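*Asks:* Mind looking at a prediction? Sequence and model below.
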Amino acid sequence: MEQKRIAILFSGNGSNLEALIRALHNKTFAHTIEVAESKEWLVSGFDELSPKEAQTASLSENMTKAHVAESHRGNQRKKREESNKSAEFCIEVVLALSNRSDAYGIKRAQNLGIPTRIVESQGKSREAFDQELVGILKPLRLDLCVFAGFMRILTPLFIRQIPSINIHPSLLPLFKGAKGIAESWSSPMKVGGVSVHYVSEEVDSGEIIAQGVLCKRHKESLESYTERIHALEHAIYPRAVRKALILQDLKRDSDKQESITKVVQ
C-alpha cells in the first residue's frame, strides 16, 4: 500500500490542525472521495472523485463499452475492483511545524502523537525563514505540505520547492487576506464559505481545489458566524487534502502514459 507523507504548518490555536490529524493520520483511503453532506452547508469540488465517477490513478483501461463483449466486461470489472483495492493509500502526518513557540496547536499535535518542531520567524527575513523551512521539509520527502492557520506570506523560494495547499475562510476570490471572515460576515452577500486552494506566489490566489458554502443567518453575530465557518473548514479540509493527493497520482500516471506513447510513436 502506498504511503502518503504530509506535514502541517500552523501558527496558532491549531483547531484545523487537530481536525486534519484526527481525520487523516494513519488512515487508509481509496482513490474516491465521499461528498460531505449537511443541512448547514454545501460543498463543491469533489464530484469528479466521488465513488460513482472516480477514475483511480492505477487504472489505464481506455476501451469503450461499445467495443467490449459482455463476458469481457465482467473480467474488466473484476480487474477494476482488484485495482481499486490495490490503489488504496495511507496518509501519515510526519510533522507539525509552527513558527510560534506559544502556539496552542503544538500541544494539540503532541497530544495526538505527532512530531512537532518550532521554527521562529521573528527577526528573520522572509527569504532566510523560507530557506530554513525548505531545509527542514525537503529531507522528509513530503507528498504535500498543508497550511492550517499558518500566518506567513511565503516567497517563491519556498513555493517553487514545496507543493502546498491552504484553506481560506471565504469564497475566493472574494475577501482575500487575514480579515476574510469579518469581511465576509459584514458584506451584503447572503452566503459565506471557505476555499481550499494551492499555494501560489500571490496570496490566496492559487487554483481552487474545493469550496464549501453556508447560508448566513438573519442578525447572526460575528462569533456565531465564525464558529460555523470553522466547523465547515473541519469538514471540508481533510477531503480536500485527499483530493490533492489523488490528483497528484492522476497527473503522474498521465505524464507516464504520455511518455510511453511518445516512445512508442
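*Replies:* Okay, I see it. Treat the numbers as computed from the prediction; the structure is a model and nothing was measured.

*Asks:* Does residue 204 belong to a helix, a strand or coil?
*Replies:* Using DSSP: H, G, I helix; E, B strand; the rest coil, the structure places residue 204 in coil.

*Asks:* Please report phi then psi for the residue lying closest to it once chain neighbours are set aside.
*Replies:* The shortest distance from residue 204 to any non-neighbouring residue, by Cβ to Cβ, 6 or more residues apart in numbering, is to residue 176 (4.0 Å). Placement of C-beta: from N, CA and C, glycine included. Backbone torsions of residue 176, given as degrees, to the nearest 10, read phi -70, psi 160.

*Asks:* what's near enough to touch residue 176?
*Replies:* 168, 170, 203, 204, 205 (Cβ atoms under 8 Å, 6 or more residues apart in numbering).

*Asks:* Could you do residue 103 as well?
*Replies:* 10, 11, 12, 13, 14.

*Asks:* just to revisit the earlier point, can you redo the contacts of residue 176 as a markdown table with distance to residue 92, pLDDT and neighbour count?
*Replies:* A markdown table is the format used below for the contacts of residue 176 (distance: Cβ to Cβ, whole Å; pLDDT from 0 to 100; neighbours: other Cβ atoms under 10 Å):
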| residue | distance to residue 92 | pLDDT | neighbour count |
| --- | --- | --- | --- |
| 168 | 25 | 97 | 27 |
| 170 | 31 | 97 | 25 |
| 203 | 29 | 91 | 14 |
| 204 | 28 | 94 | 19 |
| 205 | 30 | 94 | 15 |
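
*Asks:* chain center to the one helix or strand residue 247 maps to: distance?
*Replies:* Take DSSP states H and E as the rule and residue 247 turns out to sit in helix 222-264. For helix 222-264, the separation from the chain centroid amounts to 5 Å (computed by Cα atoms, centre = their mean, to the nearest Å).

*Asks:* How much space separates residue 136 from residue 120?
*Replies:* 13 Å (Cβ to Cβ, to the nearest Å).

*Asks:* which residues of this structure score low on pLDDT?
*Replies:* Low-confidence segments of the chain (pLDDT under 70): 35-37, 48-86, 253, 255-265.

*Asks:* residue ranges for the helices of it, please.
*Replies:* 15-24, 70-86, 105-111, 126-137, 156-159, 180-186, 222-264 (DSSP state H).

*Asks:* Could I get those helices in TSV, plus columns for mean neighbour count and distance to residue 194?
*Replies:* Below are the helices of the chain laid out as TSV (neighbours: other Cβ atoms under 10 Å; distance: least, Cβ to Cβ, whole Å):
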stretch	mean neighbour count	distance to residue 194
helix 15-24	21	10
helix 70-86	12	30
helix 105-111	18	18
helix 126-137	16	25
helix 156-159	16	21
helix 180-186	18	9
helix 222-264	17	5
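
*Asks:* Tell me which of these approaches residue 149 most closely.
*Replies:* Across the helices of the chain, residue 149 has its closest neighbour in helix 15-24 (5.8 Å, Cβ to Cβ).

*Asks:* now what about that closest one, what contacts it?
*Replies:* 6, 8, 10, 91, 93, 96, 105, 108-109, 112, 114, 146, 148-149, 167, 230, 233-234, 237-238, 241-242.

*Asks:* what does stretch 154-163 give?
*Replies:* The set of residues external to stretch 154-163 that reach it, using Cβ under 8 Å, 6+ apart, is 126-127, 130-131, 133-134, 137-138, 142-145, 164, 198-201, 248.

*Asks:* Only the buried residues of stretch 200-220, if you could.
*Replies:* Burial within stretch 200-220, assessed by neighbour count using 16 or more other Cβ atoms under 10 Å, is assigned to 204, 206, 208, 209, 210, 211, 212, 214, 216.

*Asks:* I meant stretch 188-198, not that one.
*Replies:* Buried-residue list, stretch 188-198, by 16+ other Cβ under 10 Å: 192, 193, 194, 195, 196, 197, 198.
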